[in-house]
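Engineer: Sharing a model prediction with you, sequence too.
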Amino acid sequence: MATFKTLPGFREFYPEDYAQRKHIFQIWRQVARRFAFQEFDGPVLESLELFTAKSGPEIESQLFCFEDKGGRQVSLRPELTPTLARMVAARANGLKRPIKWFSIGDNFRYERQQKGRLRCFTQLNVDLLGEPGPAAEVELIALLIQSLLGFGLNEEDFYVRLSDRNLWMLYLAALGYEGEAIAGILGVVDKWERMPEDKLIAQLAEVAGDKADQLKASVDAFLKLDSVEGIRDCFAALESDEEGKSQLSERLADWQVLLEGLSAMGLGAFIKIDLSIVRGLAYYTGFVFEAFDKKGEFRALAGGGRYDALVKKMGGPDMPAVGFGMGDVVLGELLKSRGKMPTFVDTVDFFAVIGGDEEKPVALADIALLRQAGYSVEYQLKGQAFGKQFKAATSSGARFALIYGSEELEKGIVKLRNLADRSEQDIPRSQLLEAVRELI
């Protein structure tokens, strides 16, 4: 007989697993709403071109794509940002600025299954559109940090690595590179920590030719910088024209606003300047950031950045934007490893213990009344002796048992037993709801 298993990289959620997943979603929603973000969602299935044109080659190789019955090339969404940009572009003139949206939804990437990485994952996306200044990054990074704090994590558990593609472009331009060459170099920088040195030099040689070793040394020097002062000193040693100097001055001012804003919120200790973070997606244009666990046991917990050009590429107006995503897979593993994932036990308010067929209609009427009032009530669907029903009541985790026997029926009462201390009281059926409200 055939046995069916879940596909590689896809998950099943039994009740106890689903309760933990729901816990993650609840914290995400609570924190996003505290920051006054509104929830939205988009289609899970989109035109293939939406992702091949906007997300870049890294995403293209991971798409779940196919031709539908209408002959259209379509793909399950690997991320939500292109969909968001398209939705905003379609109604840009009618949307109040800044646009503050968040979403919790499934995404799909056909990649090798490994620790912290699955082919179907649920992700929190938070985006702020319409604000060009670093105040937007302050808000987004603060929300990211507060989300992780909401799970009971603290400064000993995680930190946020902050970088800037804009700063990289200024640096590489000062070294004499431009356009596609800069994009190629940043693609290599994104793999810097994972790639052997000989392969790094080989890829840099595609851009810099026989100056690949010199370029690598320059990149290594830039990667070591971990303060605004160090960045300023590094640029001071380079030959830049007046326009370059002006752009650098403006950019470092943005850095000060961002860092001071996070410090004012009491979150400065979570931030580490780390210029190795450039993010692989093609649409990022400015500040980029990723959250990591401090022990280095897991992949990135979250990541995002500024993508000022994407809405216009979708046919909308020029609109600055910044956002981040946080997946449930790595976060769930981190919470379990740190003992921060609660164990959830579904409890029942009442368990109805029913004597027999004569008592059952009365009991069912009361059960319906209590459920309509918002209480959870369980009972044995199949008739059983009182002893077995009380055993089932105890194992259900119910707080109280409602006892419907022949004597109770004759008196027009319900006997209510506290299953914790076994104390009992008689309640007139006509007053059942009022009595219950006093108890719970």
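Structural biologist: Right, received. Where do you want to start? Numbers count the residues shown, from 1 in each chain.
Engineer: how is the protein carved up into domains?
Structural biologist: Recorded structural domains for the chain (assignment: the TED database) are 15-338, 350-438.
Engineer: With mean neighbour count, distance to residue 9 and mean pLDDT as added columns, please give these in CSV.
Structural biologist: Bear in mind the C-beta positions are built from the backbone N, C-alpha and C, glycine included. As requested, those are exported to CSV (neighbours: other CB atoms under 10 Å; distance: least, CB to CB, whole Å; pLDDT from 0 to 100):
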stretch, mean neighbour count, distance to residue 9, mean pLDDT
domain 15-338, 17, 3, 93
domain 350-438, 15, 34, 95
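Engineer: Tell me where the stretch 201-350 of the chain has strands.
Structural biologist: Taking DSSP state E, counting those that start in this stretch as the test, the strands found in the stretch 201-350 of the chain are 271-273, 287-293, 302-306, 321-327, 350-354.
Engineer: residues making contact with the third one?
Structural biologist: Here strand 302-306 makes contact (CB atoms under 8 Å, 6 or more residues apart in numbering) with 126, 136-137, 140, 144, 147-148, 165, 277, 279, 284-291, 320-327.
Engineer: mind running it again at 6 Å?
Structural biologist: Residues outside strand 302-306 that contact it (CB atoms under 6 Å, 6 or more residues apart in numbering): 144, 279, 284-288, 290-291, 322-324, 326.
Engineer: That strand vs strand 287-293, what angle?
Structural biologist: Our comparison of strand 302-306 with strand 287-293, counting by axes from the mean of the first three to the mean of the last three CA atoms, to 10 degrees, yields an angle of 170 degrees.
Engineer: which SS state does the closest residue to residue 289 other than its chain neighbours fall under?
Structural biologist: The shortest distance from residue 289 to any non-neighbouring residue, by CB to CB, 6 or more residues apart in numbering, is to residue 162 (4.9 Å). What DSSP: H, G, I helix; E, B strand; the rest coil gives for residue 162 is strand.
Engineer: Grab the longest helix from this protein for me.
Structural biologist: With DSSP state H setting the assignment, residue counts place helix 242-264 as the longest helix in the chain.
Engineer: Beta-bridge partners for the residue nearest to residue 289, please?
Structural biologist: residue 273, residue 289 (DSSP bridges).
Engineer: distance of it from residue 149?
Structural biologist: Going from residue 162 to residue 149 by CB to CB, to the nearest Å gives 18 Å.
Engineer: do the same with residue 180
Structural biologist: Relative to residue 149, residue 180 is positioned 41 Å away (CB to CB).
Engineer: hmm, who's touching stretch 86-102?
Structural biologist: Contacts for stretch 86-102 (CB under 6 Å, 6+ apart): 32, 37-40, 126-131, 311, 314-317.
Engineer: can we see that at 8 Å?
Structural biologist: With CB under 8 Å, 6+ apart as the criterion, stretch 86-102 contacts 28, 32, 35-40, 42, 50, 84, 124-131, 136, 311-312, 314-317, 319, 321.
Engineer: again with stretch 17-34
Structural biologist: With contacts defined as CB under 8 Å, 6+ apart, stretch 17-34 is touched by 11, 13, 39, 102, 104, 122, 124, 126, 143, 146-147, 150-151, 326, 328, 331-332, 335, 341-342, 344, 346.
Engineer: mind putting the domains of the chain in TSV, distance to residue 3 included?
Structural biologist: Putting those into TSV (distance: least, CB to CB, whole Å) gives the following:
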stretch	distance to residue 3
domain 15-338	20
domain 350-438	30
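Engineer: Figure out which of those domains is closest to residue 5.
Structural biologist: domain 15-338 (13.4 Å; CB to CB).
Engineer: Give me the distance from that closest one to the chain's centre.
Structural biologist: Relative to its chain's centre, domain 15-338 lies at 13 Å (CA atoms, centre = their mean, to the nearest Å).
Engineer: and it, how far apart are its ends?
Structural biologist: One end of domain 15-338 sits 22 Å from the other (CA to CA, to the nearest Å).
Engineer: Over to stretch 338-358?
Structural biologist: One end of stretch 338-358 to the other measures 53 Å (CA to CA).
Engineer: Contact partners for the residue lying closest to residue 330 once chain neighbours are set aside?
Structural biologist: Excluding the flanking residues, the one nearest residue 330 by CB to CB, 6+ apart is residue 116, at 4.2 Å. Going by CB under 8 Å, 6+ apart, residue 116 touches 298-299, 329-330, 333.
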